[in-house]
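Visitor: build me a structure from this.
(one chain, ligands or ions: 1)
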Amino acid sequence: MPLYYCVAERKPCVRWVDKYFKDCLCNLRDDLSFGFGLVSLVCWGVADIPQIITNYQTKSSHSVSLAFLLTWVAGDVLNLTGCLLEPATLPTQYYTALLYTTSTVVLLLQSVYYDYFYTWWKCGKVIVNQAGEEESYKKPLNPKLADSGVPIPSASPKATPRREFYYTSARSMARSDAPPFRKYMRVARSGPSTVPVDSDSSSEDESAPVTSKNSVTTSQPRPIPRSVGYGAFLATSLNLPFGSKGLTQVVYMGITGRKLLQEHSVERSVYGQWLGWLMAAIYMGGPLPQIWLNIKRGSVEGLNPLIFVFALTANVTYVASILVRTTEWDKIKANMPWLLDAVVGVALDLFIILQYIYYRHLRTMTRSGDE
Ligand SMILES: NC(=[NH2+])NCCC[C@H](N)C(=O)O
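Guide: The predicted model follows:
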């Protein structure tokens, strides 16, 4: 027995769509709209995968802006809740949101891992190796002759603790190829090795206390790493639904009672609208940090263009799925935040793809032409 029946068309809804998506397809328009919705769902479902693979291969994610991923995740949480509360949204919109939230959270966690934990871990290894090298460097080649050297008067460590530290580090640094403290963080954040580290004029970096080239200021308070800020932001965003077992409830409601939830209150739709507009505002600003990062690095190295090709296709089919279903102003009006965000999303995705073509091909061509 079908759960729903198309009254206008006097026929039952398509069974599997009804069963799994709680959506009723009555006519060709509905079929087309659902088809577009599915394409959008699949595209968003796979969009992040190429970048996840690229990060894995390069063991780095410095080409992806963390701010960009964070705005996506923040927008996704609002999107999910907004879809639950606003009846004008389609079931495919809700499932799409569920899918890309998951994949973007995976990409975000991977990026944080490679840019911070992996780099720290690797750098820690380098320092340990250096310490080992230093020990062997201090050992005299011929232990017997060691005693016959002219003794260097050693200053009391209490009297000049800083100077001693200075001598030690200067000596080891002079012999070492390892970047000074915090340098490796800059490389990870600001781009590939093609950008000279010292010319990196990241405004965020400028705000950090600069360690003078000639001295080591040990008494300076250490700046809080940006990762901590991101971490706190992420934790807060994720905590919102988790706080009241919300995420599990959100998923559960989506599968069983999205319709029920939407039907039972007009007030909820108002909240849905507010969440929708907030989501649109956040999403529309999302790609800007990525665009800026590409300009700052003057390169798109490490960035997989497929993420934006899929996003563009997904946004286009998303708009189509809404507009093909109905042209009734009431429905379109209620869906306005989602429509507007997807249309702006198309423009921004296109911009990033053009940036990619420019940095990858056009600039390389003009450079090789100059030579
Ligand atoms: N985590 C995601 N992939 N979120 C999707 C963001 C969708 C939004 N329309 C945009 O293109 O920016």
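Visitor: okay, now the unreliable bits of this structure?
Guide: Within the chain, the segments meeting pLDDT under 70 span 1-3, 125-268, 367-371.
Visitor: let's see 80
Guide: Residue ranges of the chain with pLDDT under 80: 1-5, 7-10, 119-269, 362-371.
Visitor: alongside the ligand, which residues does the stretch 51-200 of the chain contribute?
Guide: Counting by C-beta under 6 Å from any ligand atom, the stretch 51-200 of the chain comes close to the ligand at 72, 76, 100, 104. Yep, even glycine has a C-beta here, placed from its N, CA and C like the rest.
Visitor: how near is the closest residue in space to the second one that isn't next to it in sequence to residue 269?
Guide: The reference is to residue 76. In this structure, residue 76 finds its nearest non-sequential neighbour in residue 101, 3.9 Å apart by C-beta to C-beta, 6 or more residues apart in numbering. As for residue 101, its distance to residue 269 is 22 Å (criterion: C-beta to C-beta, to the nearest Å).
Visitor: okay, the two: which has more neighbours?
Guide: residue 101 (20 against 16; other C-beta atoms under 10 Å).
Visitor: residue in the chain nearest to the ligand?
Guide: Closest to the ligand within the chain is residue 345: 2.9 Å, counting by C-beta to the nearest ligand atom.
Visitor: wouldn't that residue be in contact with residue 317 here?
Guide: No. With contacts counted by C-beta atoms under 8 Å, residue 345 stays clear of residue 317, the gap being 11.8 Å.
Visitor: give me the number of residues near residue 38?
Guide: Under the neighbour criterion other C-beta under 10 Å, residue 38 is assigned a count of 17.
Visitor: can you show me the strands along this protein?
Guide: 5-6, 11-12 (DSSP state E).
Visitor: which of these is buried the deepest?
Guide: strand 5-6 (a mean of 15; mean count of other C-beta atoms under 10 Å).
Visitor: now for that strand, which elements pack on it?
Guide: strand 11-12 (3 or more C-beta pairs under 8 Å, 6 or more residues apart in numbering; DSSP states H and E).
Visitor: ok, the strand it packs on: who's next to it in the sheet?
Guide: Counting by DSSP bridges, the strands paired with strand 11-12 are strand 5-6 (antiparallel).
Visitor: report the contact partners of the residue nearest to residue 76.
Guide: 73, 76-77, 79-80 (C-beta atoms under 8 Å, 6 or more residues apart in numbering).
Visitor: tell me which of these fall in helices.
Guide: 73, 76-77, 79-80 (DSSP state H).
Visitor: ok, and the most crowded of those?
Guide: Tallying neighbours with other C-beta under 10 Å puts residue 79 at the head of these, with 29 neighbours.
Visitor: returning to what we had before: what's the closest of the contacts of residue 101 to residue 338?
Guide: residue 79 (8.0 Å; C-beta to C-beta).
Visitor: and that closest one, what is it in contact with?
Guide: With C-beta under 8 Å, 6+ apart, residue 79 has these contacts: 97, 101, 275-276, 279, 283, 338.
Visitor: which residues of the stretch 201-350 of the chain lie near the ligand?
Guide: Counting by C-beta under 6 Å from any ligand atom, the stretch 201-350 of the chain sits next to the ligand at 283, 286, 311, 315, 341-342, 345.
Visitor: understood, closing this out.
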